[in-house]
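In: Would you be able to build a 3D model of this:
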Amino acid sequence: MPSLTPLLANFSANELGLLSSFGDSRAYQAEEIVIRQGDENDHLYLLLKGKLEVLQDVDGINKRVALLEAGDSLGEVSVFDPGPASATVRALDEAEVWLITRDSLDRLHAANPKVAYRLLSRITTCLSKRLRQMNDKVVDLVNR
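Out: Next up is the predicted model:
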C-alpha cells in the first residue's frame, strides 16, 4: 500500500505492510457506489487511485459536497462512531480504496499498539482540522 495519504506519511514499509494486512483493498468502476447515504458504516477509507465524489441527498436531489482524489481519506468519524453514513460516495472513474473497520483497528492495536496509536493519532488530527474548518465556516456564516 503506497503512502499516498497524510494519514500514512512517515510510516515505514514494514508498518505499511502491517497496516495492509489488517485492511482490505477494493476496486470500483466508474459510477459504482462506495458508500450509500444512510447505510451503516464502520470503515475508514483511504483513496489509493482514482476520484470519488461525495453526494448528499437534499430534498431528493444529490448535491456534490466534495471531490476526493488519490491520497484523500473518508469515513474517519465512522471508525469512532459507527452509524449511518452521512453521504453517498461514488466513483467517478476506476478507483481503488484501502479500508479498515473499527474491529480491525482493535486487532491492530492488540498486535502492534505503537502503529495503531500513530494511525489513530493521524485520524484525530485529520478530524480536528476538519472541525476547525467547519467552525470557521460557521463563524463566517454567523457574521454575514
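In: Secondary structure element for residue 44, which one?
Out: Using DSSP states H and E, residue 44 maps to strand 43-49.
In: Would you give the sheet partners of that strand, along with the direction of each?
Out: strand 73-74 (antiparallel), strand 95-101 (antiparallel) (DSSP bridges).
In: Over the helix or strand following it, what's the mean pLDDT, rounded is fine.
Out: Counting by DSSP H and E, the next helix or strand C-terminal to strand 43-49 is strand 51-58. Averaging pLDDT along strand 51-58 yields 93.
In: which residues touch strand 51-58?
Out: 34, 37, 62-70, 72, 74, 86-93, 95, 97 (C-beta atoms under 8 Å, 6 or more residues apart in numbering). (Each C-beta comes from the backbone N, C-alpha and C, glycine too.)
In: picking that back up, hey, what's the angle from the strand holding residue 44 to strand 51-58? Just curious.
Out: Computed with axes from the mean of the first three to the mean of the last three C-alpha atoms, to 10 degrees, the direction of strand 43-49 lies at 140 degrees from that of strand 51-58.
In: Send over strand 43-49 as PDB, restricted to the C-alpha atoms.
Out: Taking C-alpha atoms only, strand 43-49 is exported to PDB below (Å, rounded to 0.1, in the frame of the first residue of the first chain):
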ATOM      1  CA  HIS A  43     -15.000   1.800   7.900                       C
ATOM      2  CA  LEU A  44     -12.100   4.200   7.400                       C
ATOM      3  CA  TYR A  45     -11.300   4.500   3.600                       C
ATOM      4  CA  LEU A  46      -8.100   5.700   2.000                       C
ATOM      5  CA  LEU A  47      -8.300   6.500  -1.700                       C
ATOM      6  CA  LEU A  48      -5.300   5.000  -3.400                       C
ATOM      7  CA  LYS A  49      -6.300   5.600  -7.000                       C
END
